[in-house]
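Here you go, sequence then predicted model.
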Amino acid sequence: MAYEFDISPEKRASRASFIWRQLFVTPPPVSPDEVNLAGRTALVTGTTGGIGLEITRQVLGLGCKVIMGVRDERKGESVRQGLIQEGNLNEDIVKVWKLDLSSYQSIIAFAANAKNLGNLNIAILNAGIYKASEAFSPTGYEEGMQINYLSNMLLLIYLLPVIKKNAPAGETGHICLVSSDTAAWAKFEERTSTPLLPAFKKPMKTWDMGERYGTTKLLGQLFLTALSKRVSSVTLSCANPGLCGGGSDLAREAKSILRIAHKIQCLVLSRTCAVGARTIVHSVTTLHRESHGHYIEGDKIQPMAPIVYQDEGRELSERLFEETLEELSFAGLWLSPRPVRRTETPSEPRMLSQNGAALFEFHYERDGRLVVQETHFAENKLVRDGCSEYFRVESGTLAVIRNGKKSVLTKGGGIIKIPPGTRYCIPSSISTARLPSGLRRPKHTAFDISARFTWLERRHPPFPAMVGASVDAEAVLLYTCSPGGKAILRISSKL
């Protein structure tokens, strides 16, 4: 996303620039006279201390309700009570929800609860870890990589449809990913690996927690860059609070000598968590839509890590995006890696001689190649409601489910008629052996036929999801279902 910066990415990434910002740049607070968040709700993760607590305190001061996503509910409740007493707030202004980013099941449950919030407009993904020693999660990934990157991206994608749905009229909701200066300093030696993500399942030659932390933050910048090109209905940004002391417990796991070094560095260079939190609050309030796809420092849009703007970084961003969605496909997530666009308005109706029915078509292309030729059928008159639909699928296999039983199976190139109300699905090609411990995927991903025109595309293996989109809307709607067949997720991206 083109933007004219007042500093080059390379200069901003220098240590001298970092020291200057820490010592001489202080972001202004967001004033309640400038921003009023009354009637809105913000979700903030990692809120029991440090920057997350200060973000919570500041958005509360702007009239916003807050959902605190915390790993330790008892500690979270204690913090909540302190905030209520401090601000003389009603009990329902601040709530505590359990969120353990080391558990996919916890993230899924958390997102399911968020789906029921009618006014969730802002999400700030602040939670993360800075590991003193190398350890691996049950998914096989190093814990910092799992929590700081994969788990946060899963939560971000789950929240997209919720934030979009609740946006005030004429506005977009906002999701902010908390980033770091260290993203620009990461060597990111894993970038030469193909595929990329499995490299983070291997031990580092020599454990370097600063390098790994910076790399996970850089991955967040690369993923958000790719995602923001595809999603326009929610404002996406990342923001850097800078080096903060006086309450931040990010280095809580560091060994004593490293903890002492961190404290000395903080004593010389750090700003308070209250000052650092201002940047994140600016990113979701005063900067509005212009921050989409960008990185915020202070109250300004600034360059991300230099590699993001280089040819290598652009290629890495796309590769990381596709690999990440494949990795998270167990949850039924899929966003089209490249835009699919409708290339034609409906063709002229062709009347069928026997019963006066009409046939008309839509075409969809990706990269100039026909993906789906969609044919619609309506009896007597051209109406959307209640019409049967025909689909011509270019490749893959389409299974049609009637009354819970597979009644038709058509392979690529065939044409299939789908009566109103039919459920159709495509069998998953993902084996449960690939999934994290304790998680099971439904046997298929199902979609309800709506009255609006719908197109289908079979993803090539090993991707299990099939994509459905309403052609009279700007969004691609992706659905997944629970084992009982109930739709539990919708994710949007721009066509």
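Structure received.

Can I get the helix or strand hosting Glu315 in CSV? Just the C-alpha atoms.
Element membership for Glu315 (DSSP states H and E) is helix 311-327. What follows is the C-alpha trace of helix 311-327 in CSV, where atoms were taken according to Å, rounded to 0.1, in the frame of the first residue of the first chain:
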residue,chain,number,x,y,z
ASP,A,311,11.3,-7.7,-3.7
GLU,A,312,12.4,-10.5,-1.4
GLY,A,313,10.0,-9.3,1.3
ARG,A,314,7.1,-9.1,-1.1
GLU,A,315,7.7,-12.6,-2.2
LEU,A,316,8.1,-13.8,1.5
SER,A,317,4.9,-12.0,2.4
GLU,A,318,2.8,-13.9,-0.1
ARG,A,319,4.5,-17.2,0.7
LEU,A,320,4.1,-16.7,4.4
PHE,A,321,0.4,-15.8,3.9
GLU,A,322,-0.4,-19.0,2.0
GLU,A,323,1.6,-21.2,4.3
THR,A,324,0.0,-19.7,7.4
LEU,A,325,-3.5,-20.2,6.1
GLU,A,326,-2.6,-23.8,5.2
GLU,A,327,-1.2,-24.3,8.7
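
list the helices and strands it packs on?
Counting contacts by 3 or more Cβ pairs under 8 Å, 6 or more residues apart in numbering; DSSP states H and E, helix 311-327 packs against helix 209-230. The C-beta positions use only the backbone N, C-alpha and C, and glycine is treated the same way.

rerun at 10 Å
Secondary-structure packing of helix 311-327 (3 or more Cβ pairs under 10 Å, 6 or more residues apart in numbering; DSSP states H and E): helix 152-165, helix 209-230.

Same question for it: list its buried residues.
By neighbour count on 16 or more other Cβ atoms under 10 Å, the buried set for helix 311-327 is 313, 316-327.

can I get the residues you listed in CSV with distance to Thr216 and pLDDT?
As requested, these are exported to CSV (distance: Cβ to Cβ, whole Å; pLDDT from 0 to 100):
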residue, distance to Thr216, pLDDT
Gly313, 16, 97
Leu316, 14, 96
Ser317, 15, 95
Glu318, 19, 90
Arg319, 17, 91
Leu320, 12, 94
Phe321, 16, 89
Glu322, 18, 83
Glu323, 15, 89
Thr324, 12, 90
Leu325, 18, 83
Glu326, 19, 79
Glu327, 14, 87
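
Out of these, which comes closest to Ile67?
If you rank these by distance to Ile67 using Cβ to Cβ, Thr324 comes first, at 24.9 Å.

distance of the closest one from Leu156?
10 Å (Cβ to Cβ, to the nearest Å).

Can I get the buried residues of helix 311-327 in JSON lines including distance to Gly52?
Output for these, formatted as JSON lines (distance: Cβ to Cβ, whole Å):
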{"residue": "Gly313", "distance to Gly52": "29"}
{"residue": "Leu316", "distance to Gly52": "29"}
{"residue": "Ser317", "distance to Gly52": "27"}
{"residue": "Glu318", "distance to Gly52": "31"}
{"residue": "Arg319", "distance to Gly52": "31"}
{"residue": "Leu320", "distance to Gly52": "26"}
{"residue": "Phe321", "distance to Gly52": "27"}
{"residue": "Glu322", "distance to Gly52": "31"}
{"residue": "Glu323", "distance to Gly52": "29"}
{"residue": "Thr324", "distance to Gly52": "24"}
{"residue": "Leu325", "distance to Gly52": "27"}
{"residue": "Glu326", "distance to Gly52": "30"}
{"residue": "Glu327", "distance to Gly52": "26"}
